[in-house]
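Peer 1: have a look at this prediction, sequence included:
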Amino acid sequence: MLIPAASASFVPARAQTKNKRVAQIAVRIADAYKAKNLGRLDSMRLIRGGVRIRIGYSYLDEKDEKPDTIRNFRSFKSVDRRLENRAAKAIDNPGRYVREFEGCRKGTCTFTDLRGSLHNQLYLDEILYGYRNGRLFVKEIRLWNGD
């Protein structure tokens, strides 16, 4: 009698469903970000308390004293307003760009692109998420400024 070997990639059905839901929500956030309409996500109640937006800069090195820009928001609509105000004040008016969705793992959904970047784009880099009382919520959205 042969006993099938346990697969190293075995994932319970419940975990697969959770991962699929997280991936779907990450893609919806990315689509709303690119369309400059994050406010439509507020009805999904993905924010618990607040969401942190972190904007990293491409021109910084370890010796540079200027840290990433970090702000907290109570709604996606307020995030949109802030990004629109920021774009209006910028000289080169950075556009919003979403890289290719790589996947979600251990509380982080990643977007990557190996083709390079433009200096006048604000790239969606990562979405950090968690669960509170069994409900999914977004902790942080990381953007990357291609200055």
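Peer 2: Looks like it arrived, so ask away. Numbering: from 1, shown residues only.
Peer 1: other residues contacting stretch 102-116?
Peer 2: 19, 22-23, 26, 30, 98-101, 123-130, 139 (CB atoms under 8 Å, 6 or more residues apart in numbering). For the C-beta atoms, the positions are set from N, CA and C on the backbone; glycine is no exception.
Peer 1: mind listing what's buried along that stretch?
Peer 2: Cys104, Thr108, Cys109, Thr110, Phe111 (16 or more other CB atoms under 10 Å).
Peer 1: centre of the chain to that stretch, how far?
Peer 2: With CA atoms, centre = their mean, to the nearest Å as the basis, stretch 102-116 stands 9 Å off its chain's centre.
Peer 1: what helix or strand is Arg96 located in?
Peer 2: strand 95-98 (DSSP states H and E).
Peer 1: do the same with Arg48
Peer 2: Assigned by DSSP H and E, Arg48 falls outside every helix and strand.
Peer 1: go on, Ile25?
Peer 2: helix 13-34.
Peer 1: before we move on, what about Leu83?
Peer 2: Assigned by DSSP H and E, Leu83 falls in helix 76-89.
Peer 1: for that helix, list the C-alpha coordinates in CSV.
Peer 2: The C-alpha trace of helix 76-89 is given here as CSV (Å, rounded to 0.1, in the frame of the first residue of the first chain):
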residue,chain,number,x,y,z
PHE,A,76,-8.9,56.8,2.3
LYS,A,77,-10.7,59.9,1.1
SER,A,78,-8.4,62.0,3.2
VAL,A,79,-5.4,60.2,1.8
ASP,A,80,-6.6,61.1,-1.7
ARG,A,81,-7.0,64.7,-0.8
ARG,A,82,-3.5,64.8,0.6
LEU,A,83,-1.9,63.2,-2.4
GLU,A,84,-3.9,65.6,-4.7
ASN,A,85,-2.7,68.6,-2.7
ARG,A,86,0.9,67.3,-2.8
ALA,A,87,0.7,66.8,-6.6
ALA,A,88,-0.7,70.3,-7.1
LYS,A,89,2.2,71.8,-5.1
